[in-house]
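*Asks:* Got a sequence here, can you model it:
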Amino acid sequence: MKALHVDLVSPFFPLKGGIARFSTALRATLLKQGHEVEAISFKRLYPRILLGGKGVYEPGVSREPGNGVLPILDLLNPLTWFSAARHIRRMQPDIMICAYWFGLLSPLYRLLRHVSGIKMIVLMHNFTSHERFFAEKKLRDLLMGSADGIVTLSEHVARQVENAYPDVPVRVLFHPVYSPPGLLLSRDAACSRLGIDPGRRVLLFFGYIRRYKGLDILVDAMPEVIRRHPGTQLVIAGEFYYGEKKFRERIEKLGIGEQVKIYPEFVSGERMPLFFSAADAVVLPYREASQSGVVQQAYGFGCPVIVSGKGGLPEAVREGETGVVVDPLGPGTLAEGICGFLSSRERIPYGENVEKYAREFSWEAFAGKFEDFAREVIS
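*Replies:* Numbering: from 1, shown residues only. Sure thing, here's the model as predicted:
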């Protein structure tokens, strides 16, 4: 079968964030499978004021894009949209794939579709933005009127699309499991470098700290967890986009300062194994979620997860095998879920179950299914 020529429009490494990591991994897999994939990336995505002083590039790495990555788009400069569309039209790919996670991308992708004349699949990470705004639905309507197909990473998002846009072809796939980046560490070595007694149970909250991720619920659950499982350690690793001072004050007020370690900076791929290798479980008490790449990062390290029952999160968890789903969500129910997990570790082979899951939901399997849908859209 003839290989596909694909233009993939998305942030890519060395830009930070889950979308960049996902698209970089997807492109690498498609290339391995023999397809030609050009990466159309961004040189600017957000107004500086929205970044809160945070950088947009992964720290400690070259800012030069990888081979075949073209950082030609500026979301705030429509002139670059036209030049990118003309470039795509000249290249004449078989299909264009556009990563979508917030509404302000809609006018850009609509323009790329109509100026280039190339069929477009929208890879929909989120149906609604985490930071919502009044015109989002109207902007999304624009996009859906131009999309030739939608790929979602969860049934939850697929249902949202199908209910709102029943005439747009939708293919439900899954979020693949990431291979561990960097050098692997033993649990003892990771705990030693973090200054944690390896005899303690370690819970990890990982990633950007935003309101919807529910870190406050986890912090409020910890006193009960520590009462029932003394010595349990919570590690918080990620950039704070709100409330770092308030979190520290809350932790001290609850009297759990000795049991909570905070690493308030972006965790690069090189340092990621340090945290996941030390963890007994990754906790995601999200108030809302389409799905989460953090679950797939955890699984890549053989680490089980404890998640809320929100959105598409439960779809990635085999209850009592690869982790625990907490529903309804609150400090009390979360504490109960964590304690149940800690009590069951000796009798449930979580690590083996996670490894089996990871083999089933691989990047190769995902890319193959994506290719099948792309060929349907093209024809």
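
*Asks:* mind listing the helices for the protein?
*Replies:* 18-32, 78-91, 106-116, 136-144, 155-164, 187-194, 215-228, 244-253, 272-278, 293-300, 331-344, 350-360, 363-378 (DSSP state H).

*Asks:* and among those, the most buried is which?
*Replies:* Ranked by mean neighbour count, the helices of the chain are led by helix 293-300 with a mean of 25 (mean count of other Cβ atoms under 10 Å). (Glycine included, C-beta is placed from N, CA and C.)

*Asks:* Can you spell out which helices and strands pack onto that one?
*Replies:* helix 18-32, strand 202-206, helix 272-278, strand 281-284, strand 305-308, helix 350-360 (3 or more Cβ pairs under 8 Å, 6 or more residues apart in numbering; DSSP states H and E).

*Asks:* what pLDDT does the closest residue in space to Leu313 that isn't next to it in sequence get?
*Replies:* Spatially, and ignoring its direct neighbours in sequence, Leu313 is nearest to Val307 (4.4 Å; Cβ to Cβ, 6 or more residues apart in numbering). Predicted confidence (pLDDT) at Val307: the value is 98.

*Asks:* Ok, Gly60 next?
*Replies:* On the pLDDT scale, Gly60 gets 61.

*Asks:* what's the answer for the one 3 residues further on, then?
*Replies:* Per-residue confidence at Arg63 stands at 66 (pLDDT).

*Asks:* Please apply the same query to Gly55.
*Replies:* 63.

*Asks:* before we move on, back to that, for Gly207, find the nearest of the helices of the chain.
*Replies:* helix 293-300 (5.1 Å; Cβ to Cβ).

*Asks:* Give me the contact list for that closest one.
*Replies:* 18, 21-22, 175-180, 204, 206-207, 272, 276, 279, 282, 284, 304-305, 307, 313, 316-317, 322, 354, 357-358, 361 (Cβ atoms under 8 Å, 6 or more residues apart in numbering).

*Asks:* Of these, grab the buried ones for ChimeraX.
*Replies:* In ChimeraX, a selection of the buried entries from those looks like this (16 or more other Cβ atoms under 10 Å):
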select :18,21,22,175,176,177,178,180,204,206,207,272,276,279,282,284,304,305,307,313,316,317,322,354,357,358,361
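
*Asks:* List the contacts of Gly309.
*Replies:* 325-329.

*Asks:* Which members of these are positioned in strands?
*Replies:* Mapping the contacts of Gly309 onto strands (DSSP state E) picks out 325-326.

*Asks:* Neighbour-wise, give me the winner out of the contacts of Gly309.
*Replies:* Val326 (27 neighbours; other Cβ atoms under 10 Å).

*Asks:* any idea how far the closest residue to that one other than its chain neighbours is from Glu224?
*Replies:* In this structure, Val326 finds its nearest non-sequential neighbour in Gly337, 3.9 Å apart by Cβ to Cβ, 6+ apart. Between Gly337 and Glu224 the computed distance is 11 Å (Cβ to Cβ, to the nearest Å).

*Asks:* now do Ala289
*Replies:* For Ala289, the distance to Glu224 equals 24 Å [Cβ to Cβ].

*Asks:* in stretch 196-211, what's buried?
*Replies:* Under the neighbour-count criterion of 16+ other Cβ under 10 Å, stretch 196-211 has 196, 200-210 buried.

*Asks:* Same list, the helices of the chain, but as JSON lines with mean pLDDT and distance to Ser129 please.
*Replies:* Listed next are the helices of the chain as JSON lines, based on pLDDT from 0 to 100; distance: least, Cβ to Cβ, whole Å:
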{"stretch": "helix 18-32", "mean pLDDT": "96", "distance to Ser129": "12"}
{"stretch": "helix 78-91", "mean pLDDT": "98", "distance to Ser129": "19"}
{"stretch": "helix 106-116", "mean pLDDT": "98", "distance to Ser129": "11"}
{"stretch": "helix 136-144", "mean pLDDT": "94", "distance to Ser129": "6"}
{"stretch": "helix 155-164", "mean pLDDT": "97", "distance to Ser129": "13"}
{"stretch": "helix 187-194", "mean pLDDT": "94", "distance to Ser129": "34"}
{"stretch": "helix 215-228", "mean pLDDT": "98", "distance to Ser129": "20"}
{"stretch": "helix 244-253", "mean pLDDT": "97", "distance to Ser129": "23"}
{"stretch": "helix 272-278", "mean pLDDT": "95", "distance to Ser129": "26"}
{"stretch": "helix 293-300", "mean pLDDT": "96", "distance to Ser129": "16"}
{"stretch": "helix 331-344", "mean pLDDT": "97", "distance to Ser129": "25"}
{"stretch": "helix 350-360", "mean pLDDT": "96", "distance to Ser129": "29"}
{"stretch": "helix 363-378", "mean pLDDT": "98", "distance to Ser129": "23"}
